[in-house]
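Visitor: when you get a sec, could you give me coordinates for this:
(4 chains)
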Protein chains: 2
Amino acid sequence: MPAQEEFLSILNNIKKYVDLTEVDEKDFIDIVSTSKVKKRQFIVQPRFVCKHQTYVVKGALRSYFVGNDGTDHTIQFAIEDWFISDFNSYITQTPATIFVEALEDSVIQQIEYKDVESLCERNPKFERYFRLVAQKAFAYSQRRVLSKLDKTAEQRLEEFTSMYPSIVQRVPQYTIASYLGMTPEFLSKLRKKMANS
Amino acid sequence: MPAQEEFLSILNNIKKYVDLTEVDEKDFIDIVSTSKVKKRQFIVQPRFVCKHQTYVVKGALRSYFVGNDGTDHTIQFAIEDWFISDFNSYITQTPATIFVEALEDSVIQQIEYKDVESLCERNPKFERYFRLVAQKAFAYSQRRVLSKLDKTAEQRLEEFTSMYPSIVQRVPQYTIASYLGMTPEFLSKLRKKMANS
DNA sequence: CGCGACGTTGATTTGCCTCAACGATTGTGG
DNA sequence: CCACAATCGTTGAGGCAAATCAACGTCGCG
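Guide: Numbers count the residues shown, from 1 in each chain, chains lettered A, B, ... in the order given. Purely as a prediction, here's the structure:
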């Protein structure tokens, strides 16, 4: 894993799902662009079309929605080897409704919608990759719906903490609260309570 | 639409996303099986692997999860032209954790995991179709997560009622309550309140 | 150093749940 | 075809988990 991390890139991720020839790899590399973002910088904003899928090489980002009452709701975190975007905006190429913000100085790779679509048409291996990834993401999202329906705030926090300990350490607590659907105050009280037991 | 409904089938759904030759269609028809299920019958149960994706030709089904406290949580409804399954069990081919139950006498079409996978490998058009469908499903599921995080019980009910009026009329109210994450009693009180305004 | 961002703590409120009882409808066996 | 039991929705009283509001401590950074 340490050896792999030095070469962390979308391509590595793809190779976990499909075998690529050198030609395939070249095909793909042509559509990837790498860049840096500073902490607090936005890479997606409401009213702008989310043109890219973003892969995190190094750093941490989150996507969130701001409700009518002004409170924000974290949709997703992304640390190394995760994707993030306004997925609905991306697949429909309509204006975004959410923010994607860097929580740390980060290095990202991006691929553009039209390039991805045309690559998938030309080369079924990538079609396959994106199918498998989307299916996994859907199954994951369904589990999250269930978690909110079935579990108390305390149980959700426990689940999240044990599932993503590395995220808990890196991001502000109010972002976690807004991911789990509780107030920062209540999250604070839960942590205190859970420490004393 | 009425004309199309007479031939409602998975194949019709696929053709909305990709163009199929007659040979493609034959390929696909070979892996589809049609059957009937009676009201209250289960087509997926915990501890059994969910081998199929199920498409609703006629009727209504729902999938739900039973929590530790015995209350059930509706994950999804499916009426005509919708898919339903334990999707996580399906894509991983591991034991299911949820029920899928017919709410009415229904006619369904089913396709088996291994057949779908091998068809996708042979024919990229189907790979493409299932990619697009999974992406849409994922985007949809994310919206639902947001809805639960951002909206009150009353707002969720309003949203659901205006989005799926046909479902509201067909299924028991307690299933809707469990979909929206509230008790049947509270849903009943909300309806009364919303009627008087 | 001073300010803004973040976390904590306590008092109070509230949205929704629980529990219990009661109609209305449906379906089923005698 | 009626009787009786399920199943489903409604209503009300009381309770609790989590939200709101407000005040205060602390740390990092410009």
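Visitor: please count neighbours and contacts with C-alpha atoms only from this point.
Guide: Noted.
Visitor: lowest average confidence, helix or strand, in chain A?
Guide: Least confident helix or strand, chain A: helix A:2-5 with a mean of 48, by mean pLDDT, DSSP states H and E.
Visitor: show me what the longest helix anywhere in chain A is packed up against.
Guide: Longest helix of chain A, by residue count under DSSP state H: helix A:124-150. Counting contacts by 3 or more Cα pairs under 8 Å, 6 or more residues apart in numbering or on different chains; DSSP states H and E, helix A:124-150 packs against helix A:113-122, strand B:72-78, helix B:87-92, helix B:124-150.
Visitor: what about 7 Å?
Guide: Helix A:124-150 is packed against helix B:124-150, with contacts defined by 3 or more Cα pairs under 7 Å, 6 or more residues apart in numbering or on different chains; DSSP states H and E.
Visitor: for the helix it packs on, the averaged confidence score.
Guide: Helix B:124-150 shows a mean pLDDT of 97.
Visitor: likewise stretch A:71-86?
Guide: The average pLDDT within stretch A:71-86 is 96.
Visitor: tell me how far that stretch lies from the chain's centre.
Guide: 4 Å (Cα atoms, centre = their mean, to the nearest Å).
Visitor: repeat for stretch A:21-32
Guide: 23 Å.
Visitor: tell me the buried residues in it?
Guide: Using 16 or more other Cα atoms under 10 Å in any protein chain shown as the test for burial, stretch A:21-32 gives A:28, A:32.
Visitor: give me the next element, helix or strand, following the least confident helix or strand of chain A.
Guide: Sequence-wise, the next helix or strand downstream of helix A:2-5 (DSSP states H and E) is helix A:10-15.
Visitor: need the phi and psi values for the single nearest residue of chain A relative to DNA strand D.
Guide: Closest approach between chain A and DNA strand D, counting by Cα to the nearest atom of the strand: residue A:182, at 3.2 Å. The phi and psi values for residue A:182, taken as degrees, to the nearest 10, are phi -150, psi 170.
Visitor: tell me how many other residues crowd it.
Guide: Using other Cα atoms under 10 Å in any protein chain shown, residue A:182 has 18 other residues around it.
Visitor: contact residues of chain A facing DNA strand D?
Guide: When proximity is defined by Cα under 7 Å from any atom of the strand, chain A lies next to DNA strand D at A:152-154, A:181-183, A:185-186.
Visitor: could you rerun that using 10 Å?
Guide: The interface of chain A toward DNA strand D, taken as Cα under 10 Å from any atom of the strand, is made up of A:39, A:69-71, A:104, A:148, A:150-156, A:177-178, A:180-190.
Visitor: quick check: PyMOL command selecting the buried ones in those.
Guide: Remark: buried members of these, expressed as a PyMOL selection using 16+ other Cα under 10 Å:
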select buried, chain A and resi 104+148+150+153+154+156+177+178+180+181+182+183+184+187
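Visitor: out of the residues of chain A next to DNA strand D, which touch DNA strand C?
Guide: Among the residues of chain A next to DNA strand D, proximity to DNA strand C is found for A:177, A:183-190 (Cα under 10 Å from any atom of the strand).
Visitor: please flag which of those residues sit within helices.
Guide: Under the assignment DSSP H, these contribute A:177, A:184-190 to helices.
Visitor: related to what we said a few turns ago, I'd like the ones next to DNA strand C among the residues of chain A next to DNA strand D laid out as CSV, including distance to residue B:118 and pLDDT.
Guide: Shown next, in CSV, are these (distance: Cα to Cα, whole Å; pLDDT from 0 to 100):
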residue, distance to residue B:118, pLDDT
A:177, 43, 98
A:183, 47, 97
A:184, 48, 97
A:185, 51, 97
A:186, 49, 98
A:187, 47, 98
A:188, 50, 97
A:189, 52, 97
A:190, 48, 97
